[in-house]
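S.K.: show me the folded form of this:
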Amino acid sequence: MIALMGSSGAGKSTLMDVISKRKTVGIVEGLILFDGHEPSHAEIGRDTGYVEQKDTLWGTFTVREMIMYTALLKMSSKYSRAQKSARVDEVIDQMGLTKSKNTKIGGAMTRGVSGGEAKRISIALGLLNNPRILFLDEPTSGLDSATSLDVMGTVKDLALEGRTVLTTIHQPSGKIFSFYDGIILLSRDVDTRSGNIVYFGEAGKVLKGYFEDQGYEYNRKEVDNIAEYVLNIISGGVKGPQGGNELIVRYHESEGGELNHNIAEGIARPILDKSGAGGASKLTQENFYANGFLSEFMTIFMYKGKSQFTDNFFLASRIGLWLVSGLLIDSLYATPNYKTPQGLIIVIAVLFITVFITGLITVIYIPALVIDKPVFILSLIHI
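M.R.: Next up is the predicted model:
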């Protein structure tokens with residue numbers, strides 16, 4: 001279990017997106033290797049799971065419906081519906097969601113699951129393919145300290161099962177930080193304004209000793225835990241003999257930095273010599289779907305369509321408004337004589353109002369499209 005931490009703007013999320021092959025904009029240099037080789041898209045989909053910082057869930061679904069819906073779309077067509085259903089039940093039990101599996105997720109308008117349960121659901125969606133590597137972007141964001149500890153304890157259990165877990169995290173408590181085995185610290189270079197590694201190695205006492213050896217005193221009265229101590233150093237909160245740039249240089253010159261570099265070079269060199277790869281390459285968006293169009297269309301139609309008609313807001317905004325506007329327009333035709341100039345003006349007004357009201361009601365759909373888009377992407381793309 002590895003923490004990816006750093007000062008603001010150092011590129012934590014960007015680095016994790018590149019490593020997990022989710023970054024689709026920009027140019028990447030070097031190699032991204034899994035087990036010493038460049039992974040195919042099939043390997044990425046099979047071996048990795050990604051949990052975004054924001055919980056992208058549909059509030060009208062129950063917990064089990066949300067996970068089952070995602071399983072039907074993301075899991076390969078080689079699995080039967082019964083196998084997908086069994087995997088959903090397994091993940092629900094694994095994430096401690098059994099008691100709330102029939103509870104609606106809810107949202108701003110309706111009461112539903114708690115923030116901790118919502119985060120567990122998001123993690124459950126990332127576990128559907130039983131990944132060997134799990135990426136989590138700020139898993140404690142928006143949670144209180146007790147809920148954060150509970151969620152991260154579950155994440156630690158996932159790591160103990162034999163999978164690698166990499167998380168970006170901003171300012172963990174001492175207990176949460178104790179869950180981590182390793183840490184990657186990023187600092188922003190004041191000259192180039194780019195993120196650079198200032199430490200990559202063991203967490204805990206080894207990390208503390210590394211910075212103490214550089215002249216930074218660890219004072220328990222000033223900081224609560226080791227995480228806060230190192231974050232203060234790399235963000236300039238602690239005055240010491242070195243600046244931000246020198247921390248970067250000292251890491252690369254340190255024994256641990258040289259060891260990491262030699263290990264990485266030893267793995268990458270045979271691939272570079274063999275294929276000549278490793279130069280700058282432009283990132284492109286590639287969409288891969290786990291199932292056929294008809295299968296995914298029917299899944300979305302059945303689950304999304306059914307849930308919409310149990311949502312009072314949907315019924316009021318999509319059906320009620322049209323009924324009211326229809327009655328309003330119909331009432332304008334109450335004038336019996338359309339052959340007079342006054343009747344002609346009424347007809348023109350009705351045509352104008354019809355177009356205007358139609359456009360006005362359509363605007364209501366836009367927020368829903370913006371909100372639903374991330375859920376569609378998360379569910380449909382087989383990654």
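S.K.: export only the CA atoms of stretch 87-103, formatted as CSV.
M.R.: Below are the C-alpha coordinates for stretch 87-103, written out as CSV (Å, rounded to 0.1, in the frame of the first residue of the first chain):
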residue,chain,number,x,y,z
ARG,A,87,-19.3,-11.4,-8.3
VAL,A,88,-21.5,-8.5,-7.3
ASP,A,89,-22.6,-10.3,-4.1
GLU,A,90,-19.0,-11.1,-3.3
VAL,A,91,-17.9,-7.5,-3.7
ILE,A,92,-20.8,-6.2,-1.6
ASP,A,93,-19.8,-8.6,1.2
GLN,A,94,-16.1,-7.7,0.8
MET,A,95,-16.8,-4.0,1.2
GLY,A,96,-19.2,-4.4,4.2
LEU,A,97,-22.3,-3.2,2.3
THR,A,98,-24.5,-6.2,3.0
LYS,A,99,-26.8,-4.4,5.4
SER,A,100,-27.3,-1.4,3.0
LYS,A,101,-27.4,-3.3,-0.3
ASN,A,102,-31.1,-2.6,-0.8
THR,A,103,-30.9,1.1,0.3
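S.K.: pLDDT below threshold where in this protein?
M.R.: Under the criterion pLDDT under 70, the flagged ranges of the chain are 108-109, 190-192, 236-244, 276-290, 332-339, 374-383.
S.K.: the residue at minimal distance from the centre of it - nearest residue in space that isn't next to it in sequence?
M.R.: Closest residue to the average C-alpha location of the chain: Glu52 at 1.0 Å, with Cα atoms, centre = their mean. Take Glu52 and drop its neighbours on the chain: the residue closest to it by Cβ to Cβ, 6 or more residues apart in numbering is Asp137, 5.6 Å away. Just so you know, the C-beta spots here come from the backbone N, C-alpha and C atoms, and that holds for glycine as well.
S.K.: list the buried residues of stretch 293-312.
M.R.: Glu296, Thr299, Ile300, Tyr303, Lys304, Ser307, Asp311 (16 or more other Cβ atoms under 10 Å).
S.K.: how about residues contacting it?
M.R.: Stretch 293-312 is contacted by residues 58, 60-61, 65, 69, 72-73, 77, 289, 291, 314-315, 318, 380 when judged by Cβ atoms under 8 Å, 6 or more residues apart in numbering.
S.K.: buried ones among the residues you listed?
M.R.: For these, a burial check counting by 16+ other Cβ under 10 Å picks out Trp58, Thr60, Phe61, Glu65, Tyr69, Leu72, Leu73, Asn291, Arg318, Leu380.
S.K.: does the second one sit in a helix, a strand or a coil?
M.R.: What it means is Thr60. Assigned by DSSP: H, G, I helix; E, B strand; the rest coil, the conformation of Thr60 is coil.
S.K.: now do the contacts for it.
M.R.: With contact set as Cβ under 8 Å, 6+ apart, Thr60 has these partners: Lys104, Ile105, Ser307, Gln308, Thr310, Asp311, Phe314.
S.K.: go again with 6 Å.
M.R.: Ser307, Asp311 (Cβ atoms under 6 Å, 6 or more residues apart in numbering).
S.K.: how about CSV for the buried residues of stretch 293-312, with distance to Asp213 added?
M.R.: Listed next are the buried residues of stretch 293-312 as CSV, based on distance: Cβ to Cβ, whole Å:
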residue, distance to Asp213
Glu296, 55
Thr299, 56
Ile300, 57
Tyr303, 56
Lys304, 57
Ser307, 57
Asp311, 59
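S.K.: take those residues and keep only those in helices.
M.R.: Among these, the ones falling in helices (DSSP state H) are Glu296, Thr299, Ile300, Tyr303, Lys304, Ser307.
S.K.: residues near Asn129, how many?
M.R.: 20 (other Cβ atoms under 10 Å).
S.K.: distance of it from Met152?
M.R.: Using Cβ to Cβ, to the nearest Å, Asn129 is found at 22 Å from Met152.
S.K.: how distant is stretch 140-157 from the center of its chain?
M.R.: Averaged C-alpha coordinates place stretch 140-157 at 16 Å from its chain's average position (Cα atoms, centre = their mean, to the nearest Å).
S.K.: cool, stretch 11-25 as well?
M.R.: The answer for stretch 11-25 is 11 Å, by Cα atoms, centre = their mean.
S.K.: then stretch 71-80?
M.R.: For stretch 71-80, the distance to the chain centre is 21 Å (Cα atoms, centre = their mean).
S.K.: if we can go back for a sec, among the contacts of stretch 293-312, which two are most distant?
M.R.: Ser77 and Leu315 (33.9 Å; Cβ to Cβ).
S.K.: and which of the ones in helices among the buried residues of stretch 293-312 is nearest Gly343?
M.R.: Using Cβ to Cβ, those come closest to Gly343 at Lys304, 44.9 Å.
S.K.: please name the residues that touch Phe327.
M.R.: Actually, residue 327 is Leu rather than Phe. Here Leu327 is in contact with no residue (Cβ under 6 Å, 6+ apart).
S.K.: now it: which helix or strand?
M.R.: Leu327 belongs to helix 321-331 when elements are defined using DSSP states H and E.
S.K.: identify each buried residue in that helix, please.
M.R.: In helix 321-331, counting by 16+ other Cβ under 10 Å, buried: Ser325.
S.K.: just the C-alpha atoms of that helix, please, in CSV.
M.R.: Only the C-alpha atoms of helix 321-331 are listed here, as CSV (Å, rounded to 0.1, in the frame of the first residue of the first chain):
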residue,chain,number,x,y,z
LEU,A,321,-44.0,20.2,-17.1
TRP,A,322,-45.0,19.0,-20.6
LEU,A,323,-48.6,18.3,-19.4
VAL,A,324,-48.9,21.8,-17.9
SER,A,325,-47.4,23.5,-21.0
GLY,A,326,-49.6,21.5,-23.2
LEU,A,327,-52.7,22.6,-21.3
LEU,A,328,-51.5,26.2,-21.4
ILE,A,329,-51.0,26.1,-25.2
ASP,A,330,-54.3,24.4,-25.7
SER,A,331,-56.1,27.0,-23.7
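S.K.: lovely, talk soon.
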